[in-house]
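1. no sequence on this one, just coordinates:
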């Protein structure tokens, strides 16, 4: 069975600092990986996804993530954060069956950007 | 562009009461989903509808029922609410149920059962 571990429940950073949100997964088959973002009082929206090909994927709002198969990781990074990046970030994995209803979400990482 | 619309935004129920959460999407999507979000638990799938006319159980279906009324609407019903169903409920839709089709979420319904 697949699972997702987000290693930090909260990450506080100062504005313009770099940030990395960590995500590890376990699966016995090939996977598809996603990062979703939830701004306060809103639903989730897709930030970026890895399906195949280049292991470095770029998403919206300057975020990027790197798929590392040997370390079973899919960490999210941004070189310089803004106050508006304050949100909860969810890593998700879908196994080789590839259906949305088999998507497993992590527990989330709350990113707080302070001035 | 409304996207996915959920009603109501907030609801307080007493134990044993029933209610229906409504969800409608205007993107002509085939697949729709109901999730619940609890602190420190991430999102868990309650039910989904891969296409109009079909519904299937997700990870945590007990205590819930769903109806895919038409292509646009997918409702979630609590027949006899319990405090354990206190949560934030999200409806989502996608063009298809394939992993390649991103989920679009509504803004959620915050439900408290006392």
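-> Arrived safely. From a predicted model like this one, the values you see are computed outputs, not experimental measurements. Numbering: from 1, shown residues only, chains lettered A, B, ... in the order given.
2. from here on, contacts and neighbour counts on C-alpha atoms
-> Noted.
3. spit out the contact partners of the residue most central in space within chain B.
-> Against the mean C-alpha coordinate of chain B, by CA atoms, centre = their mean, the closest residue is residue B:34 at 2.7 Å. Contact partners of residue B:34, counting by CA atoms under 8 Å, 6 or more residues apart in numbering or on different chains, are B:45, B:46, B:47, B:48, B:76, B:89, B:90, B:91, B:92.
4. please redo it, this time with the cut-off set to 7 Å
-> By CA atoms under 7 Å, 6 or more residues apart in numbering or on different chains, residue B:34 lies in contact with B:45, B:46, B:47, B:48, B:90, B:91, B:92.
5. what's the closest non-adjacent residue to it?
-> Leaving aside its sequence neighbours, residue B:34 sits nearest to residue B:91 (CA to CA, 6 or more residues apart in numbering or on different chains; 4.6 Å).
6. same question for residue A:73.
-> residue A:24 (4.3 Å).
7. name the element the one you found belongs to?
-> strand A:23-26 (DSSP states H and E).
8. returning to what we had before: measure the residue nearest to residue B:34 to residue A:84 for me?
-> 25 Å (CA to CA, to the nearest Å).
9. that's a strand at residue A:84, yeah?
-> No: with DSSP: H, G, I helix; E, B strand; the rest coil as the criterion, residue A:84 is assigned helix and is not in a strand.
10. number of nearby residues for it?
-> 12 (other CA atoms under 10 Å in any protein chain shown).
11. before we move on, what about residue A:53?
-> Neighbour tally, residue A:53, other CA under 10 Å: 7.
12. wait, a helix at it?
-> No: under three-state DSSP, residue A:53 falls outside any helix and is assigned coil.
13. need phi/psi at it.
-> phi 80, psi -140 (degrees, to the nearest 10).
14. ok, residue B:102 next?
-> The phi/psi pair for residue B:102 (degrees, to the nearest 10) reads phi -60, psi 150.
15. so after the helix or strand of chain A with the lowest mean pLDDT, what's the next helix or strand?
-> Lowest on mean pLDDT, DSSP states H and E among the helices and strands of chain A sits strand A:103-105, with a mean of 90. Beyond strand A:103-105 in the direction of the C-terminus, DSSP H and E gives the next helix or strand as strand A:109-114.
16. and that next one with chain B, contact?
-> No: legend: contact between strand A:109-114 and chain B by CA under 7 Å from any CA of the partner chain is lacking; minimum distance shown is 9.3 Å.
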